[in-house]
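In: Need coordinates for the below:
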Amino acid sequence: MKRDILEDKFKEYFTEPEVHNHLEYLNDAASGKVAVEVPFDSNGGDYEGPFPINLQMSLDAMDHIMKNAEESIEAANKVIFEVMEGMKPHVRFKHLLDKQKKSIRNLRQSDKNKLLKIPGIVRNVGEKEARLKKAVYTCMSCGTRFKETGNPENPMECSGCGKSNNKTVFKLDENKSEYEDIQKIKIQEPTEKLEGGRQPDSIVGVLKDDLVGEVEGGERVDLNAILKLKKKSKNSDSFKKYLKINNIEIKERTFSTIELTQEDIEKIEEMKSEEEVFQKIVESIAPDIYGMEMEKQAIALQLFGGVRKTLNRSPKRGDIHILLIGDPGTAKSQLLHSVAKLAPKSMYESGKGSSGVGLTAAVTKDEELGGWTVEAGVLPLCDGGIACMDEIDKMSDDDREHMNDAMGTAQCIPVAKAGKTMTLRSRTSVLAAGNPQYGRFDIHDNISNQIDIHPSLLDRFDLIFPILDQPNVDVDHDEKKSEHIAKMHRDYMEDETEDMGEIDDELIRKYVAHARKIKPKYTERSQEKIVEFYNKMRRKSDDTVKITPRQLDTLHRLAEASARSRLSETVEVKDSKKAIQVFGYFLNEVSTDATGEIDIDGVMTGYTQYEKTLREQIEQAIRAYDAGNGVAKSKIIENIDEDDSQIEKQLESMRTAGLVYTPETEVYKLG
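Out: Presented below is the predicted three-dimensional model:
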């Protein structure tokens with residue numbers, strides 16, 4: 001297709017009466033540069049408000065634009081400049097065809113100068129800068145003023161006297177020169193698309209003018225861009241690839257930015273009137289995994305979240321953090337993968353390959369973006385979404401310490417290094433999974449003894465659930481689970497694309513997005529229900545601490561999430577009951593001591609009151625009977641009226657902690 005023909009096509013689009021009137025409105029109203037979006041699909045012609053204008057392209061024009069991208073963009077800009085009488089908008093192409101889609105990993109030199117659709121995650125964002133576009137120089141030898149567009153930063157010779165830049169001086173006229181806004185970003189291919197142990201590939205993209213500042217770290221995007229090559233160095237014979245970005249189509253921001261049509265809202269309101277809509281959402285979470293009813297309910301509440309508040313200048317997070325500790329082969333990782341795909345702006349990360357800066361943030365010297373840049377980790381990248389963190393017990397202690405601030409009330413990560421001082425937001429819900437230290441979960445042992453996580457981090461989780469594999473305990477459950485797994489394999493179809501759940505994933509996302517706009521208020525009775533439960537548990541805290549004010553905040557978050565799940569403006573008694581039911585399950589499953597009493601200290605401090613008392617008795621026995629050579633284990637057991645196995649367990653725990661030591665076998669002295 002010849003350029004004049006392409007220009008005629010653009011002129012035909014831009015001079016249609018309805019479109020031309022709108023362009024005139026932009027010409028009168030806009031104070032700066034505007035962008036006109038041209039879609040490659042059949043949805044052109046409709047627009048709302050002043051931005052954008054949607055125009056439809058023919059198939060032959062699409063093919064020509066893809067193969068001759070820069071020429072086509074230049075032609076479109078020229079036509080619209082004429083139509084808009086002097087304004088300089090940018091034509092931005094969107095909704096590129098699937099045949100134009102290319103992964104970062106598969107970009108080759110044969111794709112050079114083509115317009116491509118490249119999916120990825122914004123990993124790093126450089127600083128906003130201004131760059132010379134058209135420079136005006138004055139030759140200090142002859143006084144000639146001349147323009148330089150080809151190489152504006154380094155003119156070669158004067159157009160008047162002909163002297164080169166090594167024989168005279170060229171003075172830049174900053175006021176007469178033209179500049180353009182520019183920003184570099186680093187794009188990484190989506191991790192869920194990787195196979196095996198592959199590391200994600202990345203590429204630098206260049207944003208200009210109206211695109212500058214349009215993306216943030218962690219956003220999933222389709223970049224409509226031209227692949228360009230640039231020499232690695234002046235004398236190098238190899239080139240590095242980069243993207244000249246024409247347009248950005250943001251695929252996922254957060255629940256709050258999901259756009260809903262009137263049809264979507266009507267469908268959601270219909271769902272609201274249905275009975276058991278919450279249960280249907282629960283059943284749509286990882287439907288390929290049988291059971292885990294209460295855990296899936298908690299995850300459903302996590303999707304909706306509580307209301308973020310600021311009380312007397314003190315922030316209260318609304319995000320709910322959940323930890324799953326389970327036996328091997330109980331589908332914990334599978335559940336995390338499923339949730340990461342369901343919730344927008346969410347990522348799956350394994351503890352084996354994570355580091356503190358990989359989870360939170362790092363200041364790195366990035367030669368490609370220029371200078372020092374802040375590289376956001378998983379938690380800030382998932383701001384507004386869910387960070388699904390597998391094998392959290394495999395992280396080092398230093399790495400897990402970085403998570404405390406990110407998961408705390410303030411939900412922010414302070415960064416101070418290399419002159420960069422900032423605070424990254426991490427308003428992120430955490431869904432984590434880990435394995436017991438000794439293989440399988442022991443329901444009779446304190447949870448802090450079973451997973452290698454410091455109590456200060458363990459306490460950040462609102463809910464903790466053990467995932468148990470107990471053969472012969474519930475034969476009927478085992479049989480149903482095996483039937484479910486067998487059916488999954490039997491009914492598998494390679495080209496199956498439909499969701500297996502009661503509600504498809506896209507509708508769940510839209511339902512949750514609509515629900516999270518609601519900030520439900522408590523009725524007097526619903527508030528009383530939560531407070532009554534809390535006070536009742538506190539009154540029972542004679543010898544053990546059964547609940548603390550931190551858990552009262554958790555109850556409120558769960559109740560608000562339940563109200564949102566019903567699209568209700570008020571938190572009602574049934575929402576408070578739902579919160580108490582889920583929280584009570586957590587207490588009974590992981591917060592009981594060796595005597596069967598609920599004791600939240602086992603989670604918050606690492607030791608239940610029973611264990612603290614038993615340790616005191618052991619120390620007293622050693623002091624009373626140590627004549628200088630230590631006290632035999634049998635003597636200690638003989639003088640303490642508790643179960644022998646519990647005493648032995650505490651002796652071993654105290655020895656590991658350095659509170660006692662063994663000068664000889666089964667003889668103990670205080671450390």
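
In: Contact partners for His556?
Out: Going by CB atoms under 8 Å, 6 or more residues apart in numbering, His556 touches 306, 530, 579. For glycine as for every other residue, the C-beta is placed from the backbone atoms N, C-alpha and C.

In: actually Phe586, not the one I typed
Out: Residues in contact with Phe586 (CB under 8 Å, 6+ apart) are 298, 463-465.

In: That one is in what secondary structure piece?
Out: Taking DSSP states H and E as the definition, Phe586 sits inside helix 573-590.

In: For Gly439, which residues are in contact?
Out: 327-328.

In: if we can go back for a sec, what residues sit buried inside the helix holding Phe586?
Out: 575-580, 582-583, 585-587, 589-590 (16 or more other CB atoms under 10 Å).

In: From the chain's centroid, how far away is that helix?
Out: Counting by CA atoms, centre = their mean, to the nearest Å, helix 573-590 is centred 27 Å from the centre of its parent chain.

In: just to revisit the earlier point, what's the lowest-pLDDT member of the buried residues of helix 573-590?
Out: Across the set of the buried residues of helix 573-590, Val590 stands lowest in pLDDT, at 69.

In: Which residues are in contact with the residue lying closest to Asp575 once chain neighbours are set aside?
Out: Nearest residue to Asp575, sequence neighbours excluded (CB to CB, 6 or more residues apart in numbering): Ser562, at 3.9 Å. Contact partners of Ser562, counting by CB under 8 Å, 6+ apart, are 278, 301, 304, 571, 574-575, 578-579.

In: Which of those residues sits closest to Glu648?
Out: Nearest to Glu648 among these, counting by CB to CB, is Ala579 at 39.2 Å.

In: Point to the residue nearest the middle of this protein.
Out: The residue lying closest to the centre of the chain (CA atoms, centre = their mean) is Cys382, at 1.7 Å.

In: Which pLDDT does the model give it?
Out: 78.

In: next one: Leu463
Out: 90.

In: Any idea how many residues pack against it?
Out: Close neighbours of Leu463, defined as other CB atoms under 10 Å, add up to 25.

In: do Lys519 as well
Out: Using other CB under 10 Å, Lys519 is surrounded by 14 other residues.

In: What helix or strand is it located in?
Out: Lys519 belongs to no helix or strand, assigned by DSSP H and E.

In: Please apply the same query to Leu243.
Out: strand 239-252.

In: in whatever helix or strand comes next after that strand, what counts as buried?
Out: Proceeding N to C from strand 239-252, the next assigned helix or strand is helix 262-273, under DSSP H and E. Buried residues in helix 262-273, counted by 16+ other CB under 10 Å: 264, 267-268, 271.

In: how about TSV for those, with pLDDT and distance to Leu311 added?
Out: What follows is the buried residues of helix 262-273, written out as TSV (pLDDT from 0 to 100; distance: CB to CB, whole Å):
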residue	pLDDT	distance to Leu311
Asp264	81	34
Lys267	83	36
Ile268	83	31
Met271	80	33
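
In: In CSV, list the residues you listed along with distance to Cys412.
Out: Below are the buried residues of helix 262-273 laid out as CSV (distance: CB to CB, whole Å):
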residue, distance to Cys412
Asp264, 33
Lys267, 36
Ile268, 32
Met271, 35
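
In: quick one: which two of the residues you listed are the most distant?
Out: Greatest spatial distance among the buried residues of helix 262-273 (CB to CB): Asp264 and Met271, at 10.6 Å.

In: ok so, going back, and the strand holding Leu243, what's its mean pLDDT?
Out: Averaged across strand 239-252, pLDDT comes to 84.

In: Counting by contacts, list what that strand packs against.
Out: Packing partners of strand 239-252 (3 or more CB pairs under 8 Å, 6 or more residues apart in numbering; DSSP states H and E): strand 90-94, strand 115-125, strand 202-208, strand 220-231.

In: Please list all residues in contact with the residue lying closest to Ala331 once chain neighbours are set aside.
Out: Nearest-residue entry for Ala331: Ile289, 4.8 Å, with adjacent residues in sequence omitted and distances by CB to CB, 6+ apart. Contacts for Ile289 (CB under 8 Å, 6+ apart) come out as 331, 334-335, 338.

In: Mind giving me the ChimeraX select for the residues you listed, buried ones only?
Out: Here is the ChimeraX command that selects only those of those that count as buried (16+ other CB under 10 Å):
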select :331,335,338
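
In: still on that earlier bit, will you turn the contacts of His556 into a markdown table that also has distance to Tyr348?
Out: Formatted as a markdown table, the contacts of His556 follow (distance: CB to CB, whole Å):
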| residue | distance to Tyr348 |
| --- | --- |
| Gly306 | 24 |
| Ile530 | 33 |
| Ala579 | 27 |
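
In: if I look at Asp452, how far off is Leu431?
Out: Distance from Asp452 to Leu431, counting by CB to CB, to the nearest Å: 19 Å.

In: quick one, which of the two is more surrounded?
Out: Neighbour count, other CB under 10 Å: between Asp452 and Leu431, Leu431 has more, with 28 against 17.

In: Now the helix or strand where that one lies - C-alpha only, PDB.
Out: Per DSSP H and E: Leu431 is located in strand 429-434. What follows is strand 429-434, C-alpha atoms only, in PDB (Å, rounded to 0.1, in the frame of the first residue of the first chain):
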ATOM      1  CA  SER A 429      -3.300  -9.300  50.900                       C
ATOM      2  CA  VAL A 430      -0.900 -12.200  51.500                       C
ATOM      3  CA  LEU A 431      -1.900 -15.800  50.900                       C
ATOM      4  CA  ALA A 432       1.000 -17.900  52.100                       C
ATOM      5  CA  ALA A 433       1.700 -21.600  52.400                       C
ATOM      6  CA  GLY A 434       4.300 -23.600  54.200                       C
END
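
In: related to what we said a few turns ago, which among the contacts of Phe586 end up buried?
Out: Buried among the contacts of Phe586 (16+ other CB under 10 Å): 298, 463-465.

In: Does Ala300 touch Ser565 like I think?
Out: Yes: with contact defined as CB atoms under 8 Å, Ala300 counts as touching Ser565 (6.9 Å).

In: okay, and the common contacts of those two?
Out: Here Ala300 and Ser565 share the contacting residues 278, 281, scored by CB under 8 Å, 6+ apart.

In: Let me see the contact set for Ala433.
Out: With CB under 8 Å, 6+ apart as the criterion, the residues that contact Ala433 are 323-326, 332-333, 335-336, 389-392.

In: try it again with 7 Å
Out: Contact partners of Ala433, counting by CB atoms under 7 Å, 6 or more residues apart in numbering, are 324, 326, 332-333, 336, 390, 392.

In: Reformat those into a markdown table and put neighbour count, pLDDT and secondary structure next to each item.
Out: Formatted as a markdown table, those follow (neighbours: other CB atoms under 10 Å; pLDDT from 0 to 100; DSSP: H, G, I helix; E, B strand; the rest coil):
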| residue | neighbour count | pLDDT | secondary structure |
| --- | --- | --- | --- |
| Leu324 | 26 | 88 | strand |
| Gly326 | 23 | 80 | strand |
| Lys332 | 25 | 83 | helix |
| Ser333 | 16 | 83 | helix |
| Leu336 | 26 | 88 | helix |
| Asp390 | 25 | 84 | strand |
| Ile392 | 27 | 81 | helix |
